[in-house]
Every structure is written in C-alpha cells, then in structure tokens.
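Peer 1: Have a look; sequence and predicted model below, questions after that.
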Amino acid sequence: MPSGAAPPQNLVVADEDLAQAMRLLPDLPPGCDMAILPRSGTSLRHLTEHLRDSAPLQTLILILDGGPGYIRLGGQIIDRRAIGKNQTELTEWQQLLTADARLFLLVNGLPQSGVGHEFSHDLSLCLQRPVLPRLLPDARTVLSSLHPEKTAPAA
C-alpha cells in the first residue's frame, strides 16, 4: 500500500428492510462501514459512488433482496443480462477492491444452485474477484468473520 493511502475497508451494503429485519446495525464489527439502500432511487451508479468513497475495499458484503437469477439494488434489478449491460460500472468496482478482496453475496430469494450459482459466477467473472454466495441467514456469521481475531469463512 502506498504511503498515505487509506487502509483497506470492510463495507456492508444492505437493503433497508433486510437491515432492519435482521437488526444488523448493532452487530457491525469495528472497522466495518455500512451503506443502507433505500427501496427507491438507488442504482448501481449510486452504489459505485459509495464504494468510491469507501475504497480501497478488502471485503464487500451485499445483503439484498432478490429472486432466482437477480438481485435488487434499491429500485434497480440486476440480473445476468444487466451484468453485461453494466460492465463499465462494474469494471470500476475492480479498481475499488483490493487484489485479494472478497465479495459476499447474501440475497433473500437467490438460490445457491442453478441460476443463483450462474449469477454469482457471472458477477465473479465481471469483477475478476471471487464472489461468495451465502444464504441470507449466514449474514451474522459472515459479519463476525470480519473481527480481526476471527478467521474468514471458507470460500
């Protein structure tokens, strides 16, 4: 890391309804920032701006609503086709993540097999970083892995 550069950060991005329902705010470990996505008006571009403000990112955890083959970023649906259409935006993410960054994808309604696995794989290829899909109930386990004294969950 160049001298004067900020240390890598951990960022949790959560849909506002899920963050409240899961009571995630009090459980954030030290050194972890959180962005709440409102149901309306949020887009991939707004999320990229927040990532830019938080960079460099060591860990990015997306806790979102979705369904088979898509995630919802506020009012924007991102499916496999949208990954390709938003390549420019997602390419910028590559520069905001550290070389060894981890991206956890916890999506309510996105199955871990079939289209869910394909979506995660496509996102991983686009970002040139591993995307680790987890079940939504695993959110607390993933968050606890960010504590410095704990080890990271297996990929």
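Peer 2: On my side now, so go ahead.
Peer 1: Val142 is in what secondary structure piece?
Peer 2: Following DSSP states H and E, one finds Val142 within helix 139-144.
Peer 1: Packing partners of that helix?
Peer 2: strand 57-67, strand 97-108 (3 or more CB pairs under 8 Å, 6 or more residues apart in numbering; DSSP states H and E). C-beta coordinates here come from the backbone N, C-alpha and C atoms, glycine included.
Peer 1: and Arg52, that one's in a helix?
Peer 2: Yes: counting by DSSP: H, G, I helix; E, B strand; the rest coil, Arg52 falls inside a helix.
Peer 1: Contact partners for the nearest residue to it once chain neighbours are set aside?
Peer 2: Nearest non-adjacent residue to Arg52, counting by CB to CB, 6 or more residues apart in numbering: Leu96, 6.1 Å away. By CB atoms under 8 Å, 6 or more residues apart in numbering, the contact set of Leu96 is Thr48, Leu51, Arg52, Ser54, Ala55, Pro56, Leu57.
Peer 1: What of His117?
Peer 2: Pro111, Pro133.
Peer 1: Please report phi then psi for it.
Peer 2: Per-residue torsions, His117: phi -70, psi -40 (degrees, to the nearest 10).
Peer 1: Show me the residue at the heart of this protein, geometrically.
Peer 2: Central residue of the chain (CA atoms, centre = their mean): Leu62, 2.8 Å from the mean position.
Peer 1: I'd say it and Leu110 touch.
Peer 2: No: with contact defined as CB atoms under 8 Å, Leu62 and Leu110 do not form a contacting pair (10.4 Å).
Peer 1: what residues are shared contacts of those two?
Peer 2: Each of Ile71 lies in contact with both Leu62 and Leu110 under the rule CB under 8 Å, 6+ apart.
Peer 1: Deepest in the core, which of the helices and strands packed on helix 139-144 is it.
Peer 2: Mean neighbour count (mean count of other CB atoms under 10 Å) peaks for strand 57-67 among these, with a mean of 22.
Peer 1: ok and it relative to strand 97-108, angle-wise?
Peer 2: 20 degrees (axes from the mean of the first three to the mean of the last three CA atoms, to 10 degrees).
Peer 1: Mind listing residues that contact strand 57-67?
Peer 2: Contacts for strand 57-67 (CB under 8 Å, 6+ apart): 8-15, 17-19, 22, 24, 37, 51, 71-73, 96-98, 100-110, 136, 139, 142-143, 146.
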